[in-house]
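Colleague: Just the structure for this:
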Amino acid sequence: MTDYFAGDPRTQRERMLAGDLYIGDDPELAARTARAARLADLYHRQTISGDPAARGWLQDLIGDLGDDVAIRPPLHVDYGDHISIGARTFVNFNLTALDVATITIGADCQIGPNVQLLTPTHPIDPTMRRDKLEAAEPIVIGDNVWLGGGVIVCPGVTIGENSVIGAGAVVTRDIPANVVAVGNPARVIREIDTADGA
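Modeller: Take a look at the predicted model:
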């Protein structure tokens, strides 16, 4: 395997957090992923059983969890502590939030079932992929955004406040505020105005 990091004293996690190439199956990162999986599993099981302690496991898992956030399990994350979710946001079943880079979700958002927020990127060069190199770009979702069921948000994307992303859309580039976007790749089809109502 090529030494991609000669002369760079940083850990793989430090490289990852800087948005640089890193080795994804590093032991430190694997241990952090295992921790996140345990916490997500505890949250899932305690939510199903109606145990009020479930909220504590979710707070241990998510880096910054706003007041009155509701997340229906199952929830799948890489680390959890690189995720910020604003107050009163509702997340439906089966969110996959691969938080290799930061994922910021604003307040008062509605996230449908089976949504994927994907920050990792992989090199095009097959040798680098074989050597398990990856990088990541953050995702930012503004306040009061609605992501329909099955939406996929790709690395580096920002979605502006009050926007609606239609079910099944694949968001490959930034979406401005106050619009409706649909399709694969997602494209803006119209602005939202006061005539839209409830």
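
Colleague: I figured G148 hits A167, correct?
Modeller: Yes: the pair G148 / A167 is scored as a contact, 3.4 Å apart, by Cβ atoms under 8 Å. Backbone N, C-alpha and C define where each C-beta goes, glycine included.

Colleague: Quick check: neighbours shared by these two?
Modeller: G112 (Cβ atoms under 8 Å, 6 or more residues apart in numbering).

Colleague: Which one of the two is surrounded by more residues?
Modeller: G148 (18 against 14; other Cβ atoms under 10 Å).

Colleague: In contact with the more buried one, which residues?
Modeller: G148 neighbours (Cβ under 8 Å, 6+ apart): G112, V164, I165, G166, A167, G168, A169.

Colleague: Please repeat the previous calculation with a cut-off of 6 Å.
Modeller: G112, G166, A167 (Cβ atoms under 6 Å, 6 or more residues apart in numbering).

Colleague: how far does the lowest-mean-pLDDT helix or strand in the chain sit from the chain's center?
Modeller: None of the helices or strands of the chain scores lower by mean pLDDT, DSSP states H and E than helix 126-130, at a mean of 89. Chain-centre distance of helix 126-130: 25 Å, with Cα atoms, centre = their mean, to the nearest Å.

Colleague: do stretch 29-47 as well
Modeller: 16 Å.

Colleague: any weak-confidence spans in this protein?
Modeller: Applying pLDDT under 70 to the chain flags the ranges 1, 197-198.

Colleague: which stretches of it form helices?
Modeller: 12-17, 27-49, 54-61, 126-130 (DSSP state H).

Colleague: So which elements touch the third one?
Modeller: Okay, so that is helix 54-61. Using 3 or more Cβ pairs under 6 Å, 6 or more residues apart in numbering; DSSP states H and E, the elements in contact with helix 54-61 are helix 27-49.

Colleague: coming back round to it: save the contacts of G148 as TSV, and put in distance to V153 too.
Modeller: Shown next, in TSV, are the contacts of G148 (distance: Cβ to Cβ, whole Å):
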residue	distance to V153
G112	12
G166	13
A167	13
